[in-house]
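Novice: fold the following, please.
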Amino acid sequence: MLSKLVLPLILFLASIPALVLGDAVGGYSPYISSDIHCVKDAHPSFISNSYKYYAPVHKFTNLTKSFFDVSWYAGTIVSNTTGIDNVPGATRAGDYSGYHFNETLTMYISNSDGLVYAYRGKEFKVAGQGVNLSSVTLHSYAEVLHFESICGGQATLIETRTYACSDNPIAEYDSWTVLHDLTFTALAGRLKAPVFTGDCLGSYDVSLLGLRQFSN
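Specialist: Numbers count the residues shown, from 1 in each chain. Presented below is the predicted three-dimensional model:
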């Protein structure tokens, strides 16, 4: 009896892609290709960060919608591209903190509710950040960026999901988290978008003095 239950379960689990984006934008439920492979002695990892700000989602996506222009992402400069911008299969390459990166767009969805896209990268070495300053070698990685309109269009939810195989998962976690924190804090500052700290119970009037809630 047990074997009859276990075998179907194993087959079911094996059929699930390793990297899955569970959130939906405008009714879509995209999946990320399972192409992150760990070499010997490397460690798989998953890093998730989220941020909320008082600004309409288009304010953010106007700056972040181009796969080829990623200067908003910690000042990263792309020096070479192939394919068509925002069309899966396009590639971008450049240098970040003295190390060369090469990334391929695997999925891109944009509509009035937000933007979600994913890309995978080849082996890439990065200097450690945050508490752990050890350098990290990413043998392979994939990242999902998700910008979603919330609170009736008054605010934006940003989520990052990073999947990787590296030689130092602790330092890798610190590095990605610091990178994301710095990136989106700077982006929100550029848009003068306050951090969202409440809920969507009503409408909000944003002023330099803070947030004032009033009823609908």
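Novice: how far does the top helix by length along the chain sit from the chain's center?
Specialist: The longest helix of the chain (DSSP state H) is helix 169-191. Helix 169-191 has its C-alpha centroid displaced from the chain centroid by 11 Å (Cα atoms, centre = their mean, to the nearest Å).
Novice: again, but for stretch 163-180
Specialist: Worked out by Cα atoms, centre = their mean, stretch 163-180 lies 13 Å from the chain centre.
Novice: may I see the buried residues of it?
Specialist: 163-169, 171-180 (16 or more other Cβ atoms under 10 Å). Heads up, the C-betas are built off the backbone N, CA and C, glycines and all.
Novice: swap in stretch 55-62?
Specialist: Of the residues in stretch 55-62, 55, 56, 57, 58, 59, 60, 61 count as buried by neighbour count, 16+ other Cβ under 10 Å.
Novice: with stretch 61-73 instead?
Specialist: By 16+ other Cβ under 10 Å, the buried positions in stretch 61-73 come out as 61, 64, 65, 67, 68, 69, 70, 72, 73.
Novice: can you read off the pLDDT for the last one?
Specialist: In the prediction, the pLDDT value recorded for residue 73 is 91.
Novice: please shift the residue numbers so they start at 16 in all later answers.
Specialist: Fine by me, first position is 16 from now on; the one you just mentioned is residue 88.
Novice: in space, what's closest to it - neighbours in sequence excluded?
Specialist: In space, and not counting its chain neighbours, residue 88 is closest to residue 198: 5.5 Å by Cβ to Cβ, 6 or more residues apart in numbering.
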